[in-house]
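**Student:** got a structure for you, letters missing:
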């Protein structure tokens, strides 16, 4: 009986370094992404972006409905933005460690729960707390969503996916007039 040799790629020496030829590099071929990948990620991106800008527009009405003003009312927007900024890198790291899709789904669930509590809240304190929860979830949706697109599509398709993502984010954000610097 003959011993079979391992099917590992042969190494070659280039300038004293051992390298693996590119055609046999250990990489898994990408399968075609689901037809739902892009629409689901884009929907998450637009909902998170609208949650940022839409709340700023609705803030006077929120204050009137909840009988709040001042710093408690400002925390509706500031709490979301703070949690979003603080958790974006954490969510990206979690996506690397536990998986992009899992992080996206958990983050979307956290975002949705915070959003639901915000919608039914009758108190400014509960609204502020739920907006902070939504901001943390939104960070994961954006971080993991970008990672999903980057890993699901190759070359030109990836460029198109990210090109589609940009207008969705921009359309959900209010335009900011630019003033010349003095």
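**Tutor:** That came through, no problem. Computed from a prediction, not measured in an experiment: that's the story for all the values here. Residues are numbered from 1 along each chain as shown.
**Student:** and residue 67, what are its phi and psi?
**Tutor:** Here is the backbone geometry of residue 67 (degrees, to the nearest 10): phi 60, psi 40.
**Student:** for the protein, which spans come out with low pLDDT?
**Tutor:** Within the chain, the stretches with pLDDT under 70 are 1-31, 153, 157-182.
**Student:** can you pull out the helices in it?
**Tutor:** Counting by DSSP state H, the chain has helices at residues 37-66, 70-98, 100-120, 124-152, 155-172.
**Student:** Now tabulate these in CSV and tack on mean neighbour count.
**Tutor:** Where you see a C-beta, it was placed from the backbone N, CA and C, and this is true even at glycine. Conversion of those to CSV gives the following (neighbours: other C-beta atoms under 10 Å):
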stretch, mean neighbour count
helix 37-66, 17
helix 70-98, 17
helix 100-120, 18
helix 124-152, 23
helix 155-172, 13
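**Student:** List the contacts of the closest residue in space to residue 104 that isn't next to it in sequence.
**Tutor:** Closest residue to residue 104 apart from its sequence neighbours, by C-beta to C-beta, 6 or more residues apart in numbering: residue 144 at 3.9 Å. Residue 144 makes contacts with 91, 92, 94, 95, 100, 101, 103, 104, 107, as judged by C-beta atoms under 8 Å, 6 or more residues apart in numbering.
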